[in-house]
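Chemist: fold the following and give me the result.
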Amino acid sequence: MTEQAPAAYAGKRRVLSGVKPTGDLHLGNYLGALVKFTRMQHEAETFIFVADLHAITEWQDPAKLTAQTREIAAAYLAAGLDPKIATIFPQSAVTEHAELAWIFNCVARVGWLDRMTQFKDKSGKHKERASVGLYTYPVLQAADILLYKATHVPVGDDQKQHVELTRDIAAKFNHDFDAPGYFPLPEPIHQGAGARIMSLRDASEKMSKSNPSDAARINLTDEADVVAQKIRKAKTDPLPLPDTVEALKDRPEAQNLVGIYAALDGRTSAQVLTEFAGEGFGAFKPRLADLAVAKLGPVGTEMRRLMADPTEIDKVLAAGAERARAAAAPTLAEVKKLVGFWGA
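Modeler: As a prediction, the model looks like this:
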C-alpha cells in the first residue's frame with residue numbers, strides 16, 4: 001500500500017518579502033529586490049515589510065532604527081511600490097509575527113537549525129557570543145511567511161535554505177496538528193538578473209551595506225555626481241570587453257559592471273556585450289554612469305523628499321500595519337485553536 005501525498009494548499013497566490021533596516025540601501029538592493037517587488041505587486045497579493053525584528057538579532061542603535069525603518073519604507077515607495085496595491089508595514093507593528101514564531105520554535109527541530117549556514121557565516125568563530133535571536137531567526141522568517149500563507153517568496157541564494165526550512169515547518173505543523181493543506185509549502189522565487197551585484201572595489205564580495213568603504217557601493221541616496229564618480233573609479237582590468245559572456249568568466253570586475261548595465265537597462269549581459277564588444281572601460285564606464293544616474297536619480301530624489309518630511313511615510317506604515325494585522329489575526333487565531341490553547 002502506497003502512502004498518500006500530503007494534501008495540497010488550495011489558497012490564493014501571495015508574495016511576501018522584507019528588507020532589514022540596517023544601513024544605507026544600495027544598487028544591489030534596488031536591482032535585487034526593490035525592482036522585483038514593484039513588478040510582483042501586479043502579479044499577486046503582495047506583502048512587503050520592514051524587517052525590524054530581524055534587525056535586532058545584532059545590536060542596533062535605537063535612535064537610528066526608527067530612521068532606518070522609515071528609509072526602507074521611503075525606498076519601497078520611491079522604487080514604485082504602491083501602498084494601495086501592496087501592503088507595506090513594519091514587522092514589529094504586527095505582534096502576530098512573534099507569537100507565531102514561538103509556536104514554530106516548538107515545531108522546528110534543533111537539528112534543522114544546526115544546518116543553517118547563515119548562522120555559521122554571521123557568528124563566525126564566536127557563536128557563543130551571538131544572540132539567541134541570530135540562531136533562531138530562520139524560524140521567525142518562517143512565521144513571517146506562513147502568517148500570511150504566502151505561496152511565493154523572492155530570495156537570493158543565501159536565503160533559499162530558509163525557505164526550505166519554512167517548508168519543513170509548514171509540513172510538520174500540518175501533520176502534527178492534523179491539518180492537511182493548512183499552511184502552503186512556499187516556493188522560492190529566484191530573483192534573476194540583478195540578484196547578485198558585487199562590490200565596485202572587490203568583485204569577489206557582494207555589494208553590501210556593511211562594507212566600510214562607501215566607494216564599494218552605490219547608495220540609493222547618492223547624488224548624481226557621486227554615482228558617476230563611483231562608477232568611474234570602479235575596479236576593472238585593462239582588457240577590452242569581449243563579445244561573449246563566457247569570455248567574462250575569469251574577469252569578475254568586468255562581469256560585474258556588464259551585469260549592472262544589463263540589469264539597469266532590462267537586457268541580458270549577452271545583449272550588452274553585442275553593443276560594447278571590443279570597447280575599453282574608458283568608453284563603457286561613462287555610458288554606464290549615465291544609465292545609472294538616469295535610473296537611480298529619480299529614486300534618490302523621491303527618497304530624499306520623503307525622508308525630509310516623514311509624515312507621508314508614517315501614514316503608509318500605519319495603514320499597512322492595520323491591513324497586515326487584519327490578514328494575520330485570523331491565521332494566528334486558527335493556529336491557536338489547532339494547537340489547543342485555552343480560549344482559542
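Chemist: average model confidence for stretch 286-301?
Modeler: Per-residue pLDDT over stretch 286-301 has a mean of 95.
Chemist: list the buried residues of that stretch.
Modeler: Of the residues in stretch 286-301, those buried by neighbour count under the rule 16 or more other CB atoms under 10 Å are Arg287, Leu288, Ala289, Ala292, Val293, Lys295, Leu296, Val299, Gly300. In this view, the C-beta of every residue, glycine as well, is placed from N, C-alpha and C.
Chemist: the third one: which element?
Modeler: Taking DSSP states H and E as the definition, one finds Ala289 inside helix 281-308.
Chemist: centre of the chain to that helix, how far?
Modeler: From the chain centre to the centre of helix 281-308 is a distance of 21 Å (CA atoms, centre = their mean, to the nearest Å).
Chemist: cool, and stretch 31-39?
Modeler: Relative to the chain's own centre, stretch 31-39 is displaced by 9 Å; criterion: CA atoms, centre = their mean.
Chemist: what's the average pLDDT for it?
Modeler: pLDDT averaged over stretch 31-39 gives 90.
Chemist: can you check stretch 273-281 too?
Modeler: The average of the pLDDT scores along stretch 273-281 is 95.
Chemist: swap in stretch 160-170?
Modeler: For stretch 160-170, the per-residue pLDDT values average out at 93.
Chemist: buried residues, it. List them.
Modeler: Per 16+ other CB under 10 Å, stretch 160-170 contains these buried residues: Gln161, His162, Val163, Glu164, Leu165, Thr166, Arg167, Asp168, Ile169, Ala170.
Chemist: now the second one: closest residue in space that isn't a chain neighbour?
Modeler: Closest residue in space to His162, ignoring its immediate chain neighbours: Pro138 at 4.6 Å, by CB to CB, 6 or more residues apart in numbering.
Chemist: residues contacting the one you found?
Modeler: By CB atoms under 8 Å, 6 or more residues apart in numbering, Pro138 lies in contact with Leu113, Met116, Gln118, Phe119, Gln161, His162, Leu165, Thr166.
Chemist: need the max-distance pair from these.
Modeler: Of all pairs drawn from these, the one with the longest distance (CB to CB) is Phe119 and Thr166, at 15.7 Å.
Chemist: still on that earlier bit, by how many degrees do the following helix or strand past the helix holding Ala289 and helix 281-308 diverge?
Modeler: Sequence-wise, the next helix or strand downstream of helix 281-308 (DSSP H and E) is helix 311-339. In this structure, helix 311-339 runs at an angle of 80 degrees to helix 281-308, with axes from the mean of the first three to the mean of the last three CA atoms, to 10 degrees as the basis.
Chemist: tell me which other helices or strands helix 311-339 touches.
Modeler: Under the contact criterion of 3 or more CB pairs under 8 Å, 6 or more residues apart in numbering; DSSP states H and E, the helices and strands touching helix 311-339 comprise strand 45-50, helix 62-79, strand 87-90, helix 96-105, helix 132-147, helix 281-308.
Chemist: so can I have JSON lines of these showing distance to Leu248?
Modeler: Converted to JSON lines, the helices and strands packed on helix 311-339 look like this (distance: least, CB to CB, whole Å):
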{"stretch": "strand 45-50", "distance to Leu248": "33"}
{"stretch": "helix 62-79", "distance to Leu248": "28"}
{"stretch": "strand 87-90", "distance to Leu248": "37"}
{"stretch": "helix 96-105", "distance to Leu248": "42"}
{"stretch": "helix 132-147", "distance to Leu248": "34"}
{"stretch": "helix 281-308", "distance to Leu248": "13"}
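Chemist: for the worst-scoring helix or strand of the chain on mean pLDDT, the distance to its chain's centre please.
Modeler: Each helix and strand of the chain was given a mean pLDDT (mean pLDDT, DSSP states H and E); the minimum falls on helix 117-123 at a mean of 74. Taking CA atoms, centre = their mean, the mean C-alpha location of helix 117-123 is offset from the chain mean by 17 Å.
Chemist: for the closest residue to Arg13 other than its chain neighbours, report the pLDDT, please.
Modeler: Taking CB to CB, 6+ apart as the measure, Arg13 lies nearest to Ala44, with 4.3 Å between them; neighbours along the chain are not counted. Ala44 is assigned a pLDDT of 94 by the prediction.
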